[in-house]
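Colleague: Provided below are the primary sequence and the corresponding predicted coordinates.
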Number of protein chains: 2
Amino acid sequence: MSKESNKLSAREMVAEIKAGRLTSEKLVRDCLTRIAAREDTVHAWAYLDADAALRTAREIDAGGWRGPLHGIPVGIKNIMDTCDMPTEYGSSMYVGHRPAADAACVSLLRKAGAIILGKTVTTEFAMGRAYDTTNPHNPAHTPGGSSSGSAAAVADCMVPLALGSQTGGSTIRPASYCGIVALKPSFNTINPTGVKPIAASLDTVGILARTCDDASLMYEAMTGAGSQAPLAKPPKLAFYRTPQWDYAEAYTKDAIQAAVAALGRVCDIREVTLPAPFEQILKSHNIIRHYEGARAFSYEREHFYEQFSPKAQAEFVKADKRTYAEYIGSVLHARECRRLLQEAFGEYDALVVPSAPGVAPPGLESTGNAIFNQIWTVLHVPAVTVPVLKGPLGLPLGLQLIGAYGADQKLLPCAAWVQSALTSSSTS
Amino acid sequence: MSKESNKLSAREMVAEIKAGRLTSEKLVRDCLTRIAAREDTVHAWAYLDADAALRTAREIDAGGWRGPLHGIPVGIKNIMDTCDMPTEYGSSMYVGHRPAADAACVSLLRKAGAIILGKTVTTEFAMGRAYDTTNPHNPAHTPGGSSSGSAAAVADCMVPLALGSQTGGSTIRPASYCGIVALKPSFNTINPTGVKPIAASLDTVGILARTCDDASLMYEAMTGAGSQAPLAKPPKLAFYRTPQWDYAEAYTKDAIQAAVAALGRVCDIREVTLPAPFEQILKSHNIIRHYEGARAFSYEREHFYEQFSPKAQAEFVKADKRTYAEYIGSVLHARECRRLLQEAFGEYDALVVPSAPGVAPPGLESTGNAIFNQIWTVLHVPAVTVPVLKGPLGLPLGLQLIGAYGADQKLLPCAAWVQSALTSSSTS
């Protein structure tokens, strides 16, 4: 067994443990060693309990087979409740807060054998100010957000898997910036109980991983979605620029168009547009987010308003302007677009779209722009980003694939196929 | 001012307070007096804090105008978090549990001037065993559930308004049994943050009231839906037996058909059917509820399984059989039915359907059958029950009206019109 088990994929870790060539305790120690070496730069963790993780690892090593994530350490975004660790939601309002129960997603991971290594840094309530987490590829750049710590920890090999969440673009965007894989699953398929809400019609628990196969492993453990299998034949793809195409940097447009051309040499890919209602879907996302978000934080707004950052306060000012009638109209509009999109998937397996406007912006104050993610969140369809592109300074850039609602375990192998095809073509 | 202000409508209470003829303190005292006289029989309350309520009432009386529910005492179902009262979710697992924050709905009510009088009895996690709350019309009968205490407290004039919730039929059915009005609103329009989830795609915060106008007052306070106005002309109605019609008692069928005939003399009402997909919508509700419910209680199942009642445990055995593929299929099916239903509302203002199979069953163990409510919950449309029918033993029976998604404030005046029309016709 290699000295650096933390760099394996989760699937490999499980296989090594099952084969008796690796213990969970060794694996946890390797992750902790990596964290000790890098955390002063990366700042991925809001809370770590090394002793508890090692104790659990030894229990797992000494006991029977727990499940598909037997002995695997994972990171949990700090907006998800944990019964044995503080859960502060990235806000001074909840310093030291100890929830009475685990979030459902956390409990399902423990049941599958995972070890909760700690809580990863989130922006304020997954919607406000950013903290000091850096991009493992370059500490002068943001890792993205709001799942900042989860993306950075996985990218830096501190853990193989972590949970994030996405209301706008909080899982896919940081994964793109950090050069890893992420799945923003079909809405509500990962149970949202115990995750601090922003907008109940949008909030989606997501997965940060280093391979599509690892994301699939974790998704199956929480949802019973059935395991995925590699594609039997090349996928049918559709390239969709989205109505937001002009927000992409020139180098992003070039890189995506080159990737589409490369894919065209090995599979069926054609450019598509979506029907007219999709031109307004970003607006509907914003209205739903604002209407629901204005009310979700009612208690905090009444009691601790001054502890919200200026950024969060400015969001509330905008949010309060949204009317009930606008909200209802937006929900109905989103429903119509979901129906049209589901029909479109009769003709192809996945849409190929941008993951983000460009690489991770410099500085830690802004976590970047979610404009290529929000539409897929409100449409409730699965989205996967794979790290196949490069931008300025050699920073990573993802390519996003979108699948039909409920087809998460078909989309992940499709994304793996695309990743493999583009990696071979660029190295050949 | 009458000595029994607790019997007024909430709208009248607010008006009396505004006019200086009633204080909030007097109103709270009258409610507490009623509770003192009746609670030994009704058992509506899981927690009451009379001193805190009176203190808040005096503060409100001494201060400026708070909002549309200025000084009005309300009851809160005990699955909704309150920062200053225990929130036990109807389970021994959470005895003495003190949430860190108010649920959004609770906070929004306080902001509107309401006084949280206490927590009302819920069945176990709003889905398991019933407790000892009785029907105010006859203590040998169930008040229905799971919003047992909220329905009984409002029916018994202990409070003018209370919050309930509905995943299957937990708001409309108890209101029907207790002879009051209820609104199960359009999905997610009352913010669900801080309400213990069963099934996130179904759970809906609901309103128990004694008049449609009071339900509208409370709904507007939490949603900004705009105030309703009385109908300018008779509504266009559609009588829909539903695919579950044969579950209705013979006396229920007779009473509803007589009501439809009476309505036919004063407005446009015709019998309709809905397209074929609606025959399967009850099944889709059950699958969604089971798939989501199996995972929502993951933490409690792992740690405190033996504290679930046999009824809840039996539900989990069924729930665990539901597959991911069944869940995805049911969500897509529900979406299709929502679309078809929204289109149907172009032709009429409201559907007239049963509220429950019959009157409140005898005994306190079963809270009755939700079969006439589940389909409207999964369809996300607003439902109102009005107490216009009578069954055996003189027990009340509601008539349910269903509106288009987002048309809650049109449905409530429509329901008020129907209530008025049927009350006049039966007394004429």
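Modeller: Received the coordinates, thanks. No experiment lies behind these values; they were computed from the predicted model shown.

Colleague: report the contact partners of A:Ser366.
Modeller: Going by C-beta atoms under 8 Å, 6 or more residues apart in numbering or on different chains, A:Ser366 touches A:Ala130, A:Thr142. To be clear about C-beta, it is placed using only N, CA and C from the backbone, and glycine gets the same treatment.

Colleague: tell me which element it is part of?
Modeller: Using DSSP states H and E, A:Ser366 maps to neither a helix nor a strand.

Colleague: can you give me the pLDDT of it?
Modeller: The model reports A:Ser366 with a pLDDT of 96.

Colleague: for the stretch 201-350 of chain A, what lies in contact range of chain B?
Modeller: Proximity of the stretch 201-350 of chain A to chain B, by C-beta under 8 Å from any C-beta of the partner chain, involves residues A:201, A:222-226, A:292, A:295-300, A:302, A:323-325, A:327-329, A:331-332, A:335-336, A:338-339, A:342.

Colleague: can I assume A:Thr41 sits in a helix?
Modeller: Yes - when DSSP: H, G, I helix; E, B strand; the rest coil is applied, A:Thr41 is found to be in a helix.

Colleague: residues near it, how many?
Modeller: 12 (other C-beta atoms under 10 Å in any protein chain shown).

Colleague: weed out the non-buried ones from the residues of the stretch 201-350 of chain A next to chain B.
Modeller: Among these, those buried by neighbour count (16 or more other C-beta atoms under 10 Å in any protein chain shown) are A:201, A:222-225, A:292, A:295-300, A:324, A:327-328, A:331-332, A:335-336, A:338-339, A:342.

Colleague: pull the contacting residues for the residue minimising distance to the centre of chain A.
Modeller: Nearest to the mean C-alpha position of chain A, counting by C-alpha atoms, centre = their mean, stands A:Thr171 at 2.7 Å. Residues in contact with A:Thr171 (C-beta under 8 Å, 6+ apart) are A:Ser147, A:Ala151, A:Gly164, A:Ser165, A:Ala182, A:Leu183, A:Lys184, A:Thr204, A:Gly206, A:Ile207, A:Leu208.

Colleague: distance of it relative to A:Val205?
Modeller: From A:Thr171 across to A:Val205, the span is 9 Å (C-beta to C-beta, to the nearest Å).

Colleague: now A:Asn286
Modeller: 21 Å.

Colleague: between these two, which has more neighbouring residues?
Modeller: A:Val205 (28 against 18).

Colleague: could you look up the SS state of the more buried one?
Modeller: For A:Val205, the secondary structure call by three-state DSSP comes out as strand.

Colleague: now do the SS call for the spatially closest residue to it that is not a sequence neighbour.
Modeller: In space, and not counting its chain neighbours, A:Val205 is closest to A:Ile190: 4.0 Å by C-beta to C-beta, 6 or more residues apart in numbering or on different chains. Counting by three-state DSSP, the backbone at A:Ile190 sits in coil.

Colleague: quick check: A:Ile190 touching A:Ala225?
Modeller: No - with contact defined as C-beta atoms under 8 Å, A:Ile190 does not reach A:Ala225; the gap is 9.7 Å.

Colleague: how about the strands in chain A?
Modeller: A:45-48, A:73-77, A:115-120, A:161-166, A:181-184, A:204-209, A:236-239, A:268-271, A:350-354, A:383-390, A:396-402 (DSSP state E).

Colleague: now the fifth one - C-alpha only, CSV.
Modeller: Pointing back at strand A:181-184 there. Extracted in CSV, the C-alpha atoms of strand A:181-184 (Å, rounded to 0.1, in the frame of the first residue of the first chain):
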residue,chain,number,x,y,z
VAL,A,181,-15.8,16.6,-10.2
ALA,A,182,-19.2,17.5,-8.7
LEU,A,183,-22.7,16.2,-8.9
LYS,A,184,-25.7,18.6,-8.3
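
Colleague: turn the contacts of A:Thr171 into JSON lines, columns for neighbour count and pLDDT.
Modeller: JSON lines is the format used below for the contacts of A:Thr171 (neighbours: other C-beta atoms under 10 Å in any protein chain shown; pLDDT from 0 to 100):
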{"residue": "A:Ser147", "neighbour count": "39", "pLDDT": "98"}
{"residue": "A:Ala151", "neighbour count": "37", "pLDDT": "98"}
{"residue": "A:Gly164", "neighbour count": "34", "pLDDT": "98"}
{"residue": "A:Ser165", "neighbour count": "27", "pLDDT": "98"}
{"residue": "A:Ala182", "neighbour count": "33", "pLDDT": "99"}
{"residue": "A:Leu183", "neighbour count": "33", "pLDDT": "98"}
{"residue": "A:Lys184", "neighbour count": "31", "pLDDT": "98"}
{"residue": "A:Thr204", "neighbour count": "25", "pLDDT": "98"}
{"residue": "A:Gly206", "neighbour count": "27", "pLDDT": "98"}
{"residue": "A:Ile207", "neighbour count": "31", "pLDDT": "98"}
{"residue": "A:Leu208", "neighbour count": "35", "pLDDT": "98"}
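
Colleague: the residues you listed: which two are farthest apart?
Modeller: A:Ala151 and A:Thr204 (15.4 Å; C-beta to C-beta).

Colleague: separation between the closest residue to chain B within the stretch 201-350 of chain A and A:Glu292?
Modeller: Nearest residue of the stretch 201-350 of chain A to chain B (C-beta to the nearest C-beta) works out as A:Ile328 at 3.3 Å. Using C-beta to C-beta, A:Ile328 is found at 12 Å from A:Glu292.
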